[in-house]
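Asker: sequence plus the predicted model coming up.
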Amino acid sequence: MHRDERFYVAFLHPVSSGGIRRRLSKNRSWISRNLVPRRRNDAQTGSTIPYRPYDHKFSVSRHTSDPSVGVGKFARGSPRIIGARSLQGVVVVQQQQQQYPSPARRQAFHLPHPRPLVRLHPLSSSSSSSSSSGSPSPGPTRVLHTYSTVFHGFSAKLSPSEALRIRSLPHVLALIPEQVRQVHTTRSPQFLGLKTGDSAGLLKESDFGSDLVIGVIDTGIWPEHQSFNDRDLGPVPSKWKGECVAGKAFPSTSCNRKLIGARYFSNGYEATNGKMNETTQFRSPRDSDGHGTHTSSIAAGRYVFPASTLGYARGVAAGMAPKARFAAYKVCWDSGCYDSDILAAFDAAVADGVDVISLSVGGVVVPYYLDAIAIGAFGAEEAGVFVSASAGNGGPGGLTVTNVAPWVTTVGAGTIDRDFPADVKLGNGKMIPGVSIYGGPGLTPGRMYPLIYAGSEGGDGYSSSLCMEGSLDASLVKGKIVLCDRGINSRTAKGEVVKKAGGVGMILANGVFDGEGLVADCHVLPGTAVGALGGDEIRKYIEVASKSKSPPTATVIFKGTRLGVRPAPVVASFSARGPNPVSPEILKPDVIAPGLNILAAWPNNVGPSGVASDKRKTEFNILSGTSMACPHVSGLAALLKAAHPEWSPAAVRSALMTTAYTVDNRGETMLDESSGNTSTVMDYGAGHVHPQKAMDPGLIYDLNSYDYVDFLCNSNYTANNIQVVTRKKADCSRAKRAGHSGNLNYPSLSVAFQQYGKPKMSTHFIRTVTNVGDPRSVYKVSVRPPRGVSVTVQPEKLAFRRIGQKLNFLVRVEVRAVKLSPGGSSMRSGSVIWSDGKHTVTSPLVVTLQQPL
């Protein structure tokens with residue numbers, strides 16, 4: 001690809017989309033008639049438009065738990081700055097119209113320019129729902145996808161000069177850079193209280209999610225897996241409009257009454273990377289990675305017995321909504337997940353008729369009008385589709401949470417009461433706790449093996465300490481257990497490096513940033529993971545023993561599966577944390593759900609370690625990450641929508657948040673795995689999901705698309721920016737009556753005060769609750785104020801006469817300034833709780849004081 005070519009998605013106003021889509025599908029030369037060619041190697045382009053790559057690092061997350069995946073600089077072909085800001089990626093084009101006509105009255109869209117500006121050559125003759133099947137060829141600018149459901153427009157590959165010319169059109173609202181994103185159980189249903197034998201409860205009331213459809217946007221699906229069988233399921237719901245798109249190793253008969261739809265979207269990926277290597281990937285919805293198969297079965301997998309991974313976690317495997325239908329939308333390929341493809345999947349999923357979208361994908365955080373996921377999710381929410389997304393794996397540091405739009409339910413990860421201990425025994429008799437899912441030939445019982453630290457044995461020190469490819473000296477490693485530091489390459493890849501060099505075992509040590517959070521992996525040799533403190537102790541032992549007459553030795557003792565672990569849940573170390581980097585007044589993540597060491601379905605052509613040389617086969621695999629937590633909530637949302645079909649996406653999120661809990665199985669506040677200290681609302685949001693209570697929350701905080709428009713107005717977004725997200729002309733006069741962005745009717749309450757020398761600061765929150773409990777009920781408020789904060793609620797009692805009735809209340813917050821260093825902050829949390837004696841409706845209250853620089 002020429003360095004001056006960029007990739008964009010164009011969003012068009014609904015007035016124009018019908019005409020454009022019809023013209024693109026029936027006569028693709030329409031764009032050519034309306035738009036003029038520019039050579040991609042135009043010398044003028046290079047001389048007038050400065051070109052320089054981003055010079056800062058960014059974090060993207062596959063949202064499985066290895067943070068070494070995706071931390072680095074933008075790769076070739078990814079976003080670039082042109083002039084002062086990036087034009088790489090997504091162009092949002094909307095026709096300036098005051099009203100939306102009905103579909104029957106939509107007219108064809110014509111660019112009102114007296115002469116053509118740019119010629120866009122269609123990539124293929126298919127629309128977005130099927131445009132994935134084409135592959136880009138070299139040559140002029142191409143249309144990659146067209147969109148008409150959750151947003152309106154097309155994606156295209158443009159030169160900088162073409163992009164600037166298009167942006168000058170009166171119908172162009174914005175140019176949004178395309179991002180490259182990365183994709184972020186036998187016991188978790190039981191841990192969540194979902195028991196099949198219960199005569200009442202969420203599974204029973206929702207008929208196990210029957211006839212609800214979950215759209216999983218991920219790496220595809222392995223359709224033959226038993227988790228996706230359709231035994232005893234009724235016919236495909238009549239509302240379903242999707243299809244089963246055939247492709248390589250994926251005939252159209254691959255779908256059934258469980259997997260009712262499958263599509264793939266690769267044009268964005270291939271426009272950047274060139275033609276797909278079909279020897280390593282399937283040009284079809286078939287999963288060649290495993291991630292999508294895993295997340296799909298967490299959300300909607302059928303009951304399968306027996307299930308285990310290499311003998312670990314034996315039991316019955318089941319998803320959250322075992323009778324729900326699902327559709328797979330493959331957007332992630334070997335180099336990532338491209339925004340133009342993700343948007344095409346959103347567009348197709350909503351048009352197909354899904355009820356829930358599950359997205360275990362994320363990337364760098366940007367304002368909502370530059371965030372393709374936020375834009376697609378808004379359109380889905382407006383259509384009544386619940387969208388859940390993984391929070392990211394950037395924890396335990398603060399400000400790491402992603403997918404933070406308030407119309408998206410953002411899910412962090414916690415542990416369950418099961419682990420897989422594999423402890424290290426040192427030559428001095430000390431035992432260092434570790435975890436592993438190694439299932440191959442073990443180390444000889446009772447034998448101690450020579451132990452070395454890779455970072456102190458030859459090589460350049462740094463790369464060898466990380467056990468990177470080619471960094472180990474076989475003459476020093478052969479026959480020994482090797483201590484490797486975590487980071488850069490994947491955890492299981494380090495074991496392969498040690499194995500190639502002749503090592504007999506590996507100990508993987510966390511760094512300081514990782515803390516004590518441990519993730520169990522299917523290593524390719526006897527290996528285990530230890531915390532940062534354990535790693536320090538092992539290094540110290542090696543250093544001391546190496547200078548003595550007793551060289552360092554060790555062994556790994558694998559102890560299988562342990563149940564009933566306490567404490568649980570614990571906030572997973574990798575789970576991304578708040579505060580919300582875009583909107584501090586919206587607490588994110590919203591909730592946490594099981595995400596550590598989760599067993600779920602796995603393709604039979606992918607080794608459990610994910611390492612290419614791993615030829616082991618397993619029907620199920622154990623993975624960790626917020627990627628695993630997200631589909632738990634997606635499945636629960638399907639159950640809740642099946643039990644309450646009248647609930648909006650915001651109502652479902654509210655039920656999950658206001659009934660969440662923050663105490664573990666010891667009855668104490670949940671801990672932070674990374675430090676062992678008490679966790680906070682910035683770690684877990686409203687708390688850990690409690691499905692049974694969410695079915696009957698008593699009260700809900702509801703929202704519609706106009707409330708989100710008010711929120712954006714009060715967030716100081718321009719009318720242009722708001723229209724990019726919402727496709728609506730923003731009337732911000734109503735928003736001014738709402739007061740401030742914190743008055744969005746969200747189930748949590750958060751405020752950040754800037755201390756500008758004021759001794760006292762105050763604000764208020766207005767909230768509206770809807771009764772979904774008993775017809776005649778009286779709720780009384782109790783307040784647990786944050787330390788040093790005065791909180792009053794008016795009125796103190798809400799008397800409901802009927803189901804569906806809405807009542808308002810006002811929360812006043814007042815706090816005195818505290819001494820902080822410049823740039824410092826202090827966060828305090830409490831809660832506002834409404835109860836009628838039967839239901840308890842809890843909202844976290846967060847007050848942050850910030851000292852300006």
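Answerer: Structure's in. What do you need? Numbers count the residues shown, from 1 in each chain.
Asker: what pLDDT is listed against residue 43?
Answerer: We note a pLDDT of 29 for residue 43 in this prediction.
Asker: next helix or strand past the helix or strand harbouring residue 831?
Answerer: Applying DSSP states H and E as the criterion places residue 831 in strand 825-835. With elements assigned by DSSP H and E, the helix or strand that comes after strand 825-835 is strand 840-850.
Asker: for the strand holding residue 831, name the packing helices and strands.
Answerer: Strand 825-835 sits against strand 777-784, strand 789-794, strand 840-850, with contacts defined as 3 or more Cβ pairs under 8 Å, 6 or more residues apart in numbering; DSSP states H and E. In this view, the C-beta of every residue, glycine as well, is placed from N, C-alpha and C.
Asker: can you tell which of these is closest to residue 466?
Answerer: Residue 466 lies closest, by Cβ to Cβ, to one member of the helices and strands packed on strand 825-835: strand 840-850, at 36.6 Å.
Asker: so for that closest one, mean pLDDT?
Answerer: Per-residue scores along strand 840-850 average to 97.
Asker: direction included, what does that strand pair against?
Answerer: Using DSSP bridges, the strands paired with strand 840-850 are strand 749-754 (parallel), strand 825-835 (antiparallel).
Asker: just want the angle from it to strand 789-794.
Answerer: 140 degrees (axes from the mean of the first three to the mean of the last three Cα atoms, to 10 degrees).
Asker: could you tell me how far strand 840-850 lies from the centre of the chain?
Answerer: The chain centroid and the centroid of strand 840-850 are separated by 24 Å under Cα atoms, centre = their mean, to the nearest Å.
Asker: ok, the residue with the largest distance to the centre of the chain - contacts?
Answerer: Centroid-distance maximum for the chain: residue 549 at 51.8 Å, with Cα atoms, centre = their mean. By Cβ atoms under 8 Å, 6 or more residues apart in numbering, the contact list for residue 549 is empty.
Asker: quick one, what contacts the most centrally placed residue in the chain?
Answerer: The centroid of the chain falls nearest to residue 390 when counting by Cα atoms, centre = their mean (2.4 Å). With contacts defined as Cβ under 8 Å, 6+ apart, the neighbours of residue 390 are 61, 63, 184, 359-362, 402-403, 410-411, 625-627, 629-630.
Asker: which of those fall within strands?
Answerer: 359, 361, 362, 410, 411 (DSSP state E).
Asker: helices of the stretch 401-550 of the chain, start to end?
Answerer: 462-465, 474-477, 491-500, 532-546 (DSSP state H, counting those that start in this stretch).
Asker: next: the stretch 601-750 of the chain.
Answerer: All helices of the stretch 601-750 of the chain, identified by DSSP H, counting those that start in this stretch, fall at 626-643, 649-658, 681-684, 691-694, 705-714, 719-726, 732-738.
Asker: how about those helices in JSON lines, adding mean pLDDT and distance to residue 344?
Answerer: Shown next, in JSON lines, are the helices of the stretch 601-750 of the chain (pLDDT from 0 to 100; distance: least, Cβ to Cβ, whole Å):
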{"stretch": "helix 626-643", "mean pLDDT": "96", "distance to residue 344": "20"}
{"stretch": "helix 649-658", "mean pLDDT": "98", "distance to residue 344": "21"}
{"stretch": "helix 681-684", "mean pLDDT": "98", "distance to residue 344": "33"}
{"stretch": "helix 691-694", "mean pLDDT": "95", "distance to residue 344": "32"}
{"stretch": "helix 705-714", "mean pLDDT": "95", "distance to residue 344": "22"}
{"stretch": "helix 719-726", "mean pLDDT": "93", "distance to residue 344": "18"}
{"stretch": "helix 732-738", "mean pLDDT": "79", "distance to residue 344": "31"}
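Asker: perfect, that will be all.
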